[in-house]
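Asks: Got a predicted structure here, sequence first:
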Amino acid sequence: MVVETVSLAAVAVCTAAPLVGAVTLRLTERRIDPRLVASAAVGISLVASLVAAACWHLGSGRPTTFGPGLAGGSFVLIDGLTAILLPYVAVVDMAIVLVAPRRAFASPGVRRLLTGAAITFATLSTSHPVALTILWGVSILATWTTIRSTAGGRTTARVYGLAMAAALACMISGTTLLVADPPWLTGSGTTGAAGGWLVAIAVMIRKGLVPFHSWYHTLFSGASLATALVVTMPQVATYTAVRLLVGHADGVPDELLVLSNAALMTAAYGAALAVVQRDARGLVGMLAMSQSAMVLAGLSGTVPTELCGALAVWVSSGLALTGIGLVVWALESRGGAISIETLQGRFADAPALAAFFLLFGLATLGFPGTLSFVADDLIISGSLDDHLHAGLFVIAATVFAGIAVMRGWFHVFGGQVTVDAPRHALLPRERVAFTALVIILFGLGLWPGPFVRSLEKVAASLLTSRHHHAAPPLLESHP
Amino acid sequence: MTPPRPFDDPLSVLVIYQLVAPVVALASIGLPALLGRPLSERTTTRVVGAAFTTSFVAALVTLVMIINRGFAAHVVHLGSMFAVGHHAATIELVADGLSVPYVCFSTGLCALVNAFAGKYLHREPGFTRFFILLALFGTGMNLMVLAGSIDALFAGWEFLGISSALLIGFFHERRNAVDAAMRAFCTYRVCDVGLLAASVVIHQATGSGDFATLFAGTWPEATCLVPGTTALTVSLLLIFAALGKSGQVPFSGWLPRAMEGPTPSSAIFYGALSIHAGAYVLLRCESVLDAAPAAAWLLVAIGGGTALHAAIVGSVQTDLKSMLAYASMTQAGIILAEIGLGLRVVPLVHVISHAILRSLQILRSPSAMHDRHELAAALGGHPGSSDWSLVRLLPRGVGRSLYHIALERGFEEAVVTRLVVLPLMAMLKAADGLERRWTTLLGGGSTEGRMRHDSSGGMP
């Protein structure tokens, strides 16, 4: 009971800290260093999220719930998935706060970052369909506003807005129908089935799965990298799919099959497109699209190995791609936009960034000693156990992603020096952020046992929940 | 039989040390460099040299000990890195008649190349980078060779691939070096699928990645434990993986270009160790290959074909490093053919002798060229050489055709490029173009050329 209370309190602090930070910045406009406030707020969230994770590990392994329930979902739900995702998102946010160029903090954007972080933490702590839908709407609106306020971001805002409006419409109507007639209950009719399909379509759009993926590239090329990373790395759509569909797999098998196959195609297609990208942002975007699709493909599986692999890919690819994205941002802030059509010769300008880009790249392409090696090993093995074609798609995705990453590295840093400027040393805050990400990725890769064991617990609980939710009460109430 | 626990006996300690020494060297020079405080040149070469030299001595002592035991395999079980359900990634090291000689000559060569490179790359901007990659390569080589499971072998194999690609692109300011590095990496990446898939098939067939579940007995007289169809599948996948690393037809195009890297790395990678990684994997799994005669004959055909191809193409090369690259390819092809023919000790001896000879030739090549130029200057012209060739015995038309084929490198690259690479790239670029047009249409304007310096609205 004590553990559960502490866990709930930690999640509350985790969610509230960024909001408090945003309000503080609003009230103390320009009197306090915004980076200091943002770092403190996200730091508190990080500590709180680690406490929540520790509570889950120390507890009985049963999920902690709070507040009213609806259609099998809880207003606040802290289970293994939440315990893993909250610290992961906090680390991503902290890295962004530390690496963001100084001028990015001279705008109200930092308040939006903190608000966005709070919305994400809240989303990852609920399985309530209505709460999820509302949080989807709020985060989409906040992101759209942010992109629109970015210089030259109107076109991107339009593409993003169109896609997300469709996703939100599907999500609202889908959850309404799901709540009215849950398809996993005996005797459910076409209403519930339609709800399941609408939610699946909403997930496909928000996740950028083929054929609804076009906004992904536009987001990375037209919005700021911080926006793109904050929007894509937590994988809110995957989380939603887990809570509303994967958790009730017995009731929505066809929807999951379509999602799984679309995700597999997206994983391979996105990685293949990454090979021919013309700029570094496009490269990061396509890799993010591919890797996040791989997560959903794995989570739709039925083999524990596959689920563990998907969860490991979620964390490893998210951290590694955050690293690459932030290195690209740091390079852009030093020497302008980065094309990868030709050799840019940035090695002499920023050798430390070259080293970190390479390390994050290796951590993306399944290099031994990194978490992605473990993740790829599990997901490929699990996928092949599940379906042969799934394994082949995953293998194709890893091959293309590897080639794309190395092409990106050689094209950004190879070639004659083109930047006519003094050599740019790495700033201490950048070194701290990059080193921390490297330590996590390589530390978990070299000593993966405890992490994989916790993923196994999460995978087991996800598989169990599929059967437990076969006939839940329509309306539940939790203390 | 339960394998002995690590540190239980001196032999286990020696085997573990051979793996740990290059890892320690890698961490010792890599971490300070990452933190912006690279070690001095002298300290760097001493650290790496000490690691390889002591590892070499440990391997020699191990060799003596296992000879005294009649070449009985000594297994060191280091435990499981992780396990989910029936899938476990175990780390087992095996010291036997195949792995220990391999470690001896690989660590010995690495130690020699380390000493050579310390002088050769003096004051080179990428000095520390070279030695980090050399230590990474040594780690990968020893891990691959000592691996007692397909998982550990695959990890070592990947270390070899990445260090090889990065060393080919060592002089990254040169366009040719970058292109050569990318070509090598792409070939590796595609062929690595073979090893990855073989690993999955082995796991599925035996429930484990340990070689002990794949074959029983001591090398080279092990017995395959899996059914014929599984053996055939695994063999074909391993052969596919070996083709890339060993520069065999149709994946040989990267090898001559790999000489873009520094001479010391060319010597150790493409003259000695990396090019024989494929041969090692096939020798390690020789019993599986024995159980799949069709795959063995395919290997003979590919190895023999590559040897012929490389011998013909190599004879018209006009620069020394390319000639040596094709000579290496020829020998690697012959070695694979020997393995396919069921020989075991012969290819091992062939690998070791070829590796030592070729390393010496490549390391000597820059100074040999210098000596030759000096000799030519002293003589007032190039020193004479015999222009006799076997080709002259052929009819004139055949000789000309062969010459044309050799100049075009057997049309191997042209075929692969035209039939695979270009269509694939054209398809991907067309898809990317369509994507951009579609998003432009959706956005009601152009999203092209919008890469920019991050704007003031950079944060969400």
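Replies: Ah, there it is. Numbers count the residues shown, from 1 in each chain, chains lettered A, B, ... in the order given.

Asks: Could you list the low-pLDDT ranges of chain B?
Replies: B:1-8, B:383-388, B:445-460 (pLDDT under 70).

Asks: quick one: the strands in it?
Replies: Per DSSP state E, chain B carries strands over the ranges B:74-84, B:87-95, B:215-216, B:223-224.

Asks: how about A:A228, what does it touch?
Replies: A:219-220, A:281, A:284-285, A:288, A:325 (CB atoms under 8 Å, 6 or more residues apart in numbering or on different chains). C-betas here are computed from N, CA, C, even on glycine.

Asks: Which of the three states applies to it?
Replies: What DSSP: H, G, I helix; E, B strand; the rest coil gives for A:A228 is helix.

Asks: That one and A:R154, how far apart?
Replies: A:A228 is 16 Å from A:R154, where distance means CB to CB, to the nearest Å.

Asks: before we move on, what about A:A165?
Replies: Applying CB to CB to A:A165 and A:R154 gives a distance of 16 Å.

Asks: Could you export the strands of chain B as JSON lines, including distance to chain A?
Replies: Putting the strands of chain B into JSON lines (distance: least, CB to the nearest CB, whole Å) gives the following:
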{"stretch": "strand B:74-84", "distance to chain A": "4"}
{"stretch": "strand B:87-95", "distance to chain A": "5"}
{"stretch": "strand B:215-216", "distance to chain A": "21"}
{"stretch": "strand B:223-224", "distance to chain A": "22"}
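
Asks: returning to that earlier point: so of the contacts of A:A228, which ones are in helices?
Replies: Residues of the contacts of A:A228 located in helices (DSSP state H): A:219-220, A:281, A:284-285, A:288, A:325.

Asks: So which of A:A165 and A:R154 has more stuff around it?
Replies: It is A:R154, of A:A165 and A:R154, that has more neighbours when counted by other CB atoms under 10 Å in any protein chain shown, with 17 against 13.

Asks: Name the residue of the stretch 351-479 of chain A that lies nearest to chain B.
Replies: Closest contact between the stretch 351-479 of chain A and chain B, by CB to the nearest CB, is at A:P368 (3.5 Å).

Asks: Just confirm that residue contacts B:F159, I think it does.
Replies: Yes - using CB atoms under 8 Å, A:P368 is in contact with B:F159, at 6.4 Å.

Asks: and the stretch 1-150 of chain B, which of its residues are near chain A?
Replies: B:33-36, B:80-85, B:87, B:89 (CB under 8 Å from any CB of the partner chain).

Asks: Need the residues that contact stretch A:198-211.
Replies: Contacts for stretch A:198-211 (CB under 8 Å, 6+ apart): A:136, A:163-164, A:166-168, A:170-171, A:173-175, A:177-178, A:212, A:215-216, A:232, A:235-238, A:240-241, A:244-245, A:252, A:255-256, A:258-259, A:262-263, A:265-266, A:269, A:289, A:292-293, A:296.

Asks: when you check chain B, which of those residues turn up near it?
Replies: Okay, of these touching chain B (CB under 8 Å from any CB), that's A:215, A:269.

Asks: Tell me the buried residues within the contacts of stretch A:198-211.
Replies: Applying a neighbour-count criterion of 16 or more other CB atoms under 10 Å in any protein chain shown, the buried members of those are A:136, A:163-164, A:167-168, A:170-171, A:173-175, A:177-178, A:212, A:215-216, A:232, A:235-238, A:240-241, A:244-245, A:252, A:255-256, A:258-259, A:262-263, A:265-266, A:269, A:289, A:292-293, A:296.

Asks: Need the residue closest to the centroid of chain B.
Replies: The residue lying closest to the centre of chain B (CA atoms, centre = their mean) is B:S274, at 2.8 Å.

Asks: Can you pull the residues of the stretch 151-300 of chain B lying near chain A?
Replies: Counting by CB under 8 Å from any CB, the stretch 151-300 of chain B sits next to chain A at B:151, B:154-156, B:158-159, B:162, B:165-166, B:169, B:172-173, B:175, B:177-178, B:181-182, B:185-186, B:189-190, B:192-193, B:196-197, B:200, B:203-204.
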